[in-house]
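Engineer: show me the folded form of this:
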Amino acid sequence: MLAALFDGKGKMQLSQIDKPELSAGGVIVELQAVGICGSDLQIKTDQTNKDAFPAGHELAGTIVDVSPEISKDLIGKRVAVEGIGQGRACMECWYCRSGQYVKCSHRNPRGGGGFAEFLTTQAIGCYELPDSMSWAAGALVEPLSVSVHAVRRGKLKGGETVVVIGAGSIGLTAIAAAKALGAGKLFASSRHSHQTKMATDLGADYAFENDFDSLNEAVLEATQGRGADITIETVGGWNSDAINQAITTTRKQGRVVIIGGYRAPITLDWEIPLGKELDIIFSHCYSIIDGKHDYEIAIDLLENKSLGLEKMVTHTYPLTKIQEAFDTAYNKKSGSLKVQIQNI
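Structural biologist: So this is what the prediction gives:
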């Protein structure tokens, strides 16, 4: 089958590799849409070794084969694939029994991802998509689930004031998730003008481009000087700027939820969050909370067309043009928000 592998020199290289084989409890999925994540871009700029398997984890496709113990009724089902947790989980350890599959103590080795024609994964990690849902929306289930998880981890209460730091693809899904799950006033920071516009299109009441001071002033004015109830930090990076902004704009005894991936150790002055008595909550991927998986909630939200998240898919490419897709996703001057590989 055709697959795209990183060559260790900054480029994605098309290769013919063996079609994946079924394992116990497994299914084979023919990919229809795969999103390029910020972590995919970061790995490709940092990584110097060649890929052994295709990457890509924002996945939607059709089940085309199942292992003998899995019902053949699944063949032909349109699914979003949760491949990071349930796709590799042992299903036996304490974390798996608690529904925290990404935290599995005995994760199975990583197999191939979505930058290919097919992948194999565990049936339990396949979430059926409504027939009415587009493939583009199906491939947004994974990033939206990341943000749904963050909002749920932050224990958002209806009407609370929320700030989202960053308006990349995860920042934008965080805006949409917070709005859909009950946020009151919603503020966002952004770096580029097209991100600013999309932030407001997806539900932010106010979005500030490269102007944290104005954002913070607006939050204080809207909350009688208190600050945000919850701030969701989605930037990460190589320094503490984003997390310091989150700490600054959050009210005393508020919650800071950190999704952003940090690429280097950072130093913080803990005196400020200590004095404000903040709850600092880290959020990573997705899981079952209160009996329901974040994927299930994300699919429900996407099925409601009023969410409007599909409009953040600004560019699509076939697998044969994956290098062009990566170049577009990396170059924000292109106006890219979410780039997907479609119609593989």
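Engineer: residue 163: what secondary structure?
Structural biologist: Taking DSSP: H, G, I helix; E, B strand; the rest coil as the rule, one finds residue 163 in the strand state.
Engineer: quickly list what it is bridged to.
Structural biologist: Applying DSSP bridges to residue 163 gives these bridge partners: residue 187, residue 231.
Engineer: again with residue 206
Structural biologist: Using DSSP bridges, the bridge partners assigned to residue 206 are residue 187.
Engineer: isn't it right up against residue 187?
Structural biologist: Yes: at 5.0 Å, residue 206 counts as touching residue 187 under the criterion of Cβ atoms under 8 Å. C-beta: built from backbone N, CA, C; applies to glycine.
Engineer: between those two, which contacts overlap?
Structural biologist: Applying Cβ atoms under 8 Å, 6 or more residues apart in numbering, one finds that residue 206 and residue 187 are jointly contacted by 215, 218.
Engineer: the two - which one has more neighbours?
Structural biologist: Higher neighbour count among residue 206 and residue 187: residue 187, with 25 against 17, using other Cβ atoms under 10 Å.
Engineer: ok, now which ones touch the more buried one?
Structural biologist: So residue 187 contacts 161-164, 204-208, 215, 218-219, 222, 228 (Cβ under 8 Å, 6+ apart).
Engineer: any chance of TSV for these, columns distance to residue 320 and pLDDT?
Structural biologist: TSV is the format used below for the contacts of residue 187 (distance: Cβ to Cβ, whole Å; pLDDT from 0 to 100):
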residue	distance to residue 320	pLDDT
161	46	99
162	41	99
163	41	99
164	35	99
204	36	98
205	42	98
206	42	98
207	36	98
208	40	98
215	42	98
218	46	98
219	46	99
222	49	98
228	45	99
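Engineer: give the buried subset of these as a PyMOL selection command.
Structural biologist: Applying 16 or more other Cβ atoms under 10 Å to the contacts of residue 187, the buried members can be selected in PyMOL as follows:
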select buried, resi 161+162+163+164+204+205+206+207+208+215+218+219+222+228
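Engineer: would you mind writing the CA trace of the helix or strand hosting residue 27 as PDB?
Structural biologist: Element membership for residue 27 (DSSP states H and E) is strand 26-35. The C-alpha coordinates for strand 26-35 follow below in PDB (Å, rounded to 0.1, in the frame of the first residue of the first chain):
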ATOM      1  CA  GLY A  26      -8.300  -5.800  15.600                       C
ATOM      2  CA  VAL A  27      -9.800  -4.200  12.500                       C
ATOM      3  CA  ILE A  28      -8.400  -2.800   9.300                       C
ATOM      4  CA  VAL A  29      -9.500   0.700   8.400                       C
ATOM      5  CA  GLU A  30      -9.300   2.300   5.000                       C
ATOM      6  CA  LEU A  31      -8.500   5.900   5.600                       C
ATOM      7  CA  GLN A  32     -10.700   8.600   4.100                       C
ATOM      8  CA  ALA A  33      -9.500  11.800   6.000                       C
ATOM      9  CA  VAL A  34      -6.500  12.400   8.200                       C
ATOM     10  CA  GLY A  35      -5.600  15.700   9.900                       C
END
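Engineer: chain center to it: distance?
Structural biologist: Strand 26-35 sits 17 Å away from the centroid of its parent chain (Cα atoms, centre = their mean, to the nearest Å).
Engineer: okay, buried residues for it please.
Structural biologist: 26-29, 31-35.
Engineer: that one pairs with which strands?
Structural biologist: Paired with strand 26-35 in the same sheet, following DSSP bridges, are strand 58-66 (antiparallel), strand 118-122 (antiparallel), strand 338-342 (antiparallel).
Engineer: beyond that strand, next helix or strand please.
Structural biologist: Toward the C-terminal end, the helix or strand that comes next after strand 26-35 (DSSP H and E) is helix 38-46.
Engineer: off-centre distance for that next one?
Structural biologist: Helix 38-46 has its C-alpha centroid displaced from the chain centroid by 14 Å (Cα atoms, centre = their mean).
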